[in-house]
Each structure stands twice: as structure tokens, then as C-alpha cells.
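1. Next one to model:
(chains A and B)
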Protein chains: 2
Amino acid sequence: MPNDELSTTFAALADPTRRAILARLAVGEATVNELAAPFDLSLPAVSKHLKVLQRAGLITQGRRAQWRPCRIETAPLKDVDAWVERYRHIWEESFERLDEYVGELKKREHEQEEKNHGHEG
Amino acid sequence: MPNDELSTTFAALADPTRRAILARLAVGEATVNELAAPFDLSLPAVSKHLKVLQRAGLITQGRRAQWRPCRIETAPLKDVDAWVERYRHIWEESFERLDEYVGELKKREHEQEEKNHGHEG
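-> Next up is the predicted model:
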């Protein structure tokens, strides 16, 4: 098991329930009970997911007994953003090339039309 | 094991060797031998990583025997980008709040200086 930070973050995000928990926490703090409610999951199952998120630094949990609200922490998400940012130019470039190609097709079509009208007139 | 696309992508990215392979392929196509060279890994070990990346749709491999170049595919990376984008506002907002706070501190410091100069003059 790789244990570098980015790998731990990606592994923690590789689960739809954990991503749904993060989406809920993006709106504001919530207790374990509040987080468990929308899922058909037992409290221990939710706690297990929270531990994975906590280990990845994606959430922190308050220390007060009973009411221990969880909150989202953005530092690991920033790292994901910075990582994916390095690849953005690839699809942006290919989109630009597609855009140029479509522009070229339109130009040719327009020229063909002009030519056809020329022959008609 | 969750098998939704985004989870498969995140799981594939949760390994530094696989991310290094992607970084190499972002520069251009490469064969399995070329990909194995910079790592202290056997060809079967590299092939195993490539299979994980392939299953996640992050790379494709040419079909010609011997020379079967791998290439990066950006569709899953775009999905990661779109996913993390939804969280960007959280740290951008907290940065703005910090920025406002620093601005407020500077203003107060400036006012204090003006006041001091006023007393001197």
C-alpha cells in the first residue's frame, strides 16, 4: 500500500459514500448521526468511512463528547486540484484544435456556397 | 469494491507509480519498455499498473504487436477536474476572507500612523 499523501487522498475519494459525505460537509458541519441519516448505513459503517476521510486529512472531528461535529478540510482537495491542473492543458489544447478544425470546415463550406452562388448568378 | 467510474479513476490514481506513468504519457506516447525504464520495476509489474490505468480509461494501448504505444486519455481526468471544481469555492472563500482581514489590518495600521503623525505635527 503506497502511503504518500496524494495516494491516501485519492484512495479516500475512491468511494461514492465518502464523496457524498464530503459533499454534505461542504455545506457545513454535521454530526455522525446527521451524516448517517441520508445513507442506508449503520453508524459503525459511517464511522469507518469517516476514519478513512480523517486519515486522509479531508475531515476533522470535534473533540466534545456526544456532539462531535465533522468538518471538511480543503488542504488535500487543493493538492488534487493542483495535480489535475497539470493535465488541463492537454484537453484544452485538443479542444482548441477541434475548434480550429470546425472553424476551417465552416470557412470551406462558406467558400463553396459563395462559389455555387457565383455559378448561379 | 465500488465500481462507479469516478471511484475507479480515483483508485487508479492512488499510486505514485501510476501517476508517474501518466505524467510521462502527458508528454507523448510511449511503449511499455519505455515506461518501465525510469522505474525499478519488472515488465510484468509495469503491465499490471498499465492494466489498472487502462481499466479506468486513463490510458489506451495500440493494438500492433511489438510496438504497442500507450497514450493518455483525458476524459477521466476531466471528471476529476469537474469534481474538485465544486469544492474550489470553499478555499477561495476562506482565502478571500483572509485577504479582507489583512486589508483591514493594513487600514487600521495606516490610520494609526496618520494619527501618530497628526500628534507629532
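2. Contact residues of chain A facing chain B?
-> A:2, A:4, A:6-11, A:13-17, A:19, A:22-23, A:26, A:72, A:74, A:77-78, A:80-81, A:83-88, A:90-91, A:94 (C-beta under 8 Å from any C-beta of the partner chain). C-beta: built from backbone N, CA, C; applies to glycine.
3. quick one: average pLDDT of the helix or strand hosting residue A:60?
-> According to DSSP states H and E, residue A:60 maps onto strand A:59-61. Mean pLDDT, strand A:59-61: 94.
4. Now do the buried residues in the helix or strand following it.
-> Counting by DSSP H and E, the element after strand A:59-61 in chain order, helix or strand, is strand A:70-72. Buried residues in strand A:70-72, counted by 16 or more other C-beta atoms under 10 Å in any protein chain shown: A:70, A:72.
5. Show me what the very next helix or strand once past strand A:70-72 is packed up against.
-> Counting by DSSP H and E, the next helix or strand C-terminal to strand A:70-72 is helix A:75-120. Contacts defined by 3 or more C-beta pairs under 8 Å, 6 or more residues apart in numbering or on different chains; DSSP states H and E place helix A:75-120 against helix A:5-13, helix B:16-27, helix B:75-120.
6. In contact with residue A:21: list those residues for me.
-> Counting by C-beta atoms under 8 Å, 6 or more residues apart in numbering or on different chains, residue A:21 makes contact with A:35, A:46, A:49-50, A:53, A:59, A:70.
7. Give me the subset of the residues you listed lying in strands.
-> A:59, A:70 (DSSP state E).
8. Look at residue A:66 and report its pLDDT.
-> Residue A:66 carries a pLDDT value of 67.
9. follow-up on the earlier one: filter the residues of chain A next to chain B down to the buried ones.
-> Counted by 16+ other C-beta under 10 Å, the residues of chain A next to chain B give A:6-11, A:13-15, A:17, A:19, A:22, A:72, A:74, A:77, A:80-81, A:83-84, A:87, A:90 as buried.
10. So for the closest residue in space to residue A:77 that isn't next to it in sequence, what's the pLDDT?
-> Spatial nearest neighbour of residue A:77, excluding adjacent residues (C-beta to C-beta, 6 or more residues apart in numbering or on different chains): residue B:87 at 4.9 Å. Model confidence at residue B:87, given as pLDDT, is 95.
11. that older thread, which one of the helices and strands packed on helix A:75-120 lies closest to residue A:40?
-> Nearest of these to residue A:40, taken as C-beta to C-beta: helix A:5-13 at 21.0 Å.
12. Low-confidence bits of chain A, can you list those?
-> A:1-2, A:64-66, A:95, A:119-121 (pLDDT under 70).
13. which residues touch stretch A:76-85?
-> Against stretch A:76-85 from outside (C-beta under 8 Å, 6+ apart): A:5-6, A:9-10, A:12-13, A:56-58, B:19, B:77, B:80-81, B:84, B:87-88, B:90-91.
14. State the number of residues packed around residue A:67.
-> Look at residue A:67: counted by other C-beta atoms under 10 Å in any protein chain shown, it has 8 neighbours.
15. my read: it touches residue A:32, true?
-> No: using C-beta atoms under 8 Å, residue A:67 is not in contact with residue A:32; the gap is 10.0 Å.
16. Return the distance of residue A:52 relative to residue A:11.
-> As judged by C-beta to C-beta, to the nearest Å, residue A:52 and residue A:11 stand 8 Å apart.
17. Next: residue A:85.
-> 20 Å.
18. In contact with the nearest residue to residue A:71 once chain neighbours are set aside, which residues?
-> Spatial nearest neighbour of residue A:71, excluding adjacent residues (C-beta to C-beta, 6+ apart): residue A:29 at 4.8 Å. When contacts are counted by C-beta under 8 Å, 6+ apart, residue A:29 touches A:62, A:69-71.
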